[in-house]
Every structure is written in structure tokens, then in C-alpha cells.
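Engineer: take this sequence and fold it.
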Amino acid sequence: MERIGKYVIHKSVPTSGYARILLCKDPDLQIPVAVKAFAPQGVEGQALSAPQWLARFLSEARVLAAFDHPQLIGVKTMDKAADGNPFFVMPYMAGSLVAEIGPDHGAEGGEAARRLPLARALALLKQVSAGLMVLHRNNFVHRAVQPSNILLTARENGQAKLADFSMVKLPDRNPPLPDHWIGGTDYCAPEQRESATTVDARADIYSLGVLTYRLLTGTLPALGDGAVQLPSKHQAVLVDLVARATDPDPAQRPAHGGAFLQALGQVPPEALAKPRVQVVPVRRPAVALKKAASQ
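Structural biologist: The predicted model follows:
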């Protein structure tokens with residue numbers, strides 16, 4: 001079977017950009033792992049050159065390896081393949097959040113977008129916020145918070161782990177990046193679309209606001225000049241939080257992941273309680289009771 005380093009490749013996951021994701025098996029530990037391999041052949045015609053993408057690839061691996069947090073994907077090791085290109089090894093995850101909520105833009109292969117129950121949506125949002133809180137405390141900005149970059153440890157009620165740090169903004173010297181944003185824009189803050197090099201943690205907060213809307217409604221909001229308005233049927237705390245998080249003025253948003261996490265904690269516990277089911281005993285007709293007694 002084909003290998004990369006010592007790892008046996010079982011499947012290649014379709015990706016775009018400068019890297020390939022390979023689902024592999026560690027022959028020593030006998031466990032599945034995910035390998036991200038630098039693929040310079042995929043950068044032709046892109047905004048950055050192969051050496052510039054390589055700098056981002058190495059930066060991503062080192063940032064992930066620097067953190068040890070349950071809501072951030074980890075890196076086990078980094079090595080070079082037979083062709084000399086680097087790769088790094090991550091824990092195997094069951095899938096991304098897309099598998100749970102469906103594609104954002106309508107049906108793909110018969111699958112439609114789905115919303116989540118409030119309790120599940122809040123659990124995921126708290127986990128992602130906790131991961132971002134750690135990044136923001138260390139002056140990192142993820143810049144690509146979206147369902148495809150939120151991995152799950154299991155297909156049913158899995159824990160969320162924030163992944164894909166290829167576009168992360170470092171607290172000090174950053175790898176090259178074009179003046180305009182080159183990633184997806186569905187969850188992207190307006191200031192990031194204009195100049196990604198100058199954003200701070202509040203750009204990630206904007207993405208969290210859009211993600212909250214997506215999880216609770218099953219659709220993406222129409223991003224215009226104003227803040228996103230979550231339908232009023234939802235908890236008032238969440239309506240206010242989404243509006244503040246997606247305010248066009250970054251100064252009006254929660255300052256960082258910790259502030260967003262704290263606001264999520266203000267959702268009243270009774271809103272998450274399952275409806276009580278009352279069991280009503282069935283009364284037998286009087287005629288049936290007399291007949292039973294006579295027997």
C-alpha cells in the first residue's frame with residue numbers, strides 16, 4: 001500500500017490549496033491518524049508562491065504543536081516525505097461539523113442544510129469559543145472559523161476541535177498574505193475582507209456570530225451593511241449576542257472568545273431543559289371493571 005513516511009495511506013480527502021489531507025494508519029501504534037502533506041503542485045495560479053505557502057504550512061504545524069487544549073486539534077509530529085516535502089500528523093477525527101449540519105448552500109448529493117437543537121448548538125459554540133479564548137489570550141487570530149474547520153471527535157455528539165490554522169495571524173512576524181482575503185467569505189468579518197493583515201480577535205467573534213445563526217436556523221444570514229438579526233423566537237440573550245458579534249464596527253463586538261463564551265453562559269438553564277412528559281393513567285370503563293370483578 002502507498003505510504004507517506006511510515007504511515008500507511010488509506011484515503012485521500014479532497015482539499016483545495018497547498019496541502020493534501022490523508023487518512024492513514026500508524027503501523028507502530030496501530031491507530032488511525034490524519035496526515036496533512038504540503039502539495040506545492042496545487043498552488044499554481046494562486047495568490048502566493050510555493051515558498052510563501054510553505055512558510056504558512058510550517059507556521060500552521062508549529063502553532064498547533066504549541067497548544068495543548070481539548071478544543072484545538074493537536075500535532076503529533078512533523079517529518080518529510082520521500083519527495084522532500086514536509087507533512088505533519090494529527091489525531092484522527094470522525095469528521096467536520098459539516099457532517100452534522102449539512103452543506104451551507106443547499107443540497108449536495110441529496111443532503112440539505114440542517115439546524116441543531118439549542119442544547120447541542122450551545123455545547124458546540126461553547127467548545128469553539130473556549131478554543132478561541134486560548135488563541136486570543138496568546139494574541140493569535142484564527143481568521144477561518146467555519147464549519148469545515150471545526151472537527152468532531154465522534155459522529156454522534158462529538159466534541160469540537162478547531163482545526164486548519166493555515167491562515168492564522170501570529171502575534172509577531174507573520175508569513176506573507178495578500179492584501180485581499182483569499183479564503184471563504186460566508187463567515188468572514190467585513191474588515192477582514194478588506195485587509196486581513198490588520199484584524200484582531202474581533203474578526204473571529206464575527207465568525208462566531210454567523211456560526212451561531214447558522215446552527216440555530218439552518219441557513220446562512222444575508223450579510224449586508226448592518227448586524228445579523230437572529231429571529232426573535234430565539235432566546236433574547238442569543239439574539240443580542242449575534243447582533244453584537246456581527247456589528248460592522250469591531251469596537252461594538254465582544255472583545256475575544258472568552259467574552260463570547262461568557263455571554264453564552266447567560267442563556268437560562270430552563271431553556272435547555274427537555275419538555276416534561278406527563279404520564280396519564282388509562283381509566284378502564286366502569287362496565288369493564290364490573291365484568292373483571294365478577295370473574
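
Engineer: residue 93 contacts residue 74, correct?
Structural biologist: No: in this structure residue 93 lies outside contact range of residue 74 using Cβ atoms under 8 Å: 10.7 Å. For every residue, glycine as well, the C-beta is placed using N, CA and C.

Engineer: so for the two, which sits in the more crowded spot?
Structural biologist: residue 93 (20 against 15; other Cβ atoms under 10 Å).

Engineer: and that one, which of the three is it?
Structural biologist: Classification of residue 93 using DSSP: H, G, I helix; E, B strand; the rest coil returns coil.

Engineer: now it. Nearest residue, chain neighbours left out?
Structural biologist: residue 151 (4.0 Å; Cβ to Cβ, 6 or more residues apart in numbering).

Engineer: looks to me like the one you found is in a strand.
Structural biologist: Yes: the assignment for residue 151 by three-state DSSP puts it in a strand.

Engineer: so how far is residue 173 from it?
Structural biologist: 28 Å (Cβ to Cβ, to the nearest Å).

Engineer: those two: who's more crowded?
Structural biologist: Counted by other Cβ under 10 Å, residue 151 and residue 173 do not tie: residue 151 has more neighbours, with 23 against 6.

Engineer: residue contacts, the more buried one?
Structural biologist: Applying Cβ atoms under 8 Å, 6 or more residues apart in numbering to residue 151 gives the contacts 73, 93-97, 160-163.

Engineer: farthest pair in those residues?
Structural biologist: 94 and 162 (15.3 Å; Cβ to Cβ).

Engineer: of the two, who's got more company?
Structural biologist: When neighbours are counted by other Cβ under 10 Å, residue 94 and residue 162 differ, and residue 162 comes out ahead with 27 against 13.

Engineer: quick check: closest non-adjacent residue to the more buried one.
Structural biologist: Per Cβ to Cβ, 6+ apart, closest to residue 162 is residue 131, 4.3 Å.

Engineer: just checking, the one you found touches residue 69?
Structural biologist: Yes: contact status for residue 131 versus residue 69: in contact at 6.2 Å, counting by Cβ under 8 Å.

Engineer: please identify which of the two sits among more neighbours.
Structural biologist: Just comparing residue 131 and residue 69: by other Cβ under 10 Å the higher neighbour count belongs to residue 131, 25 against 14.
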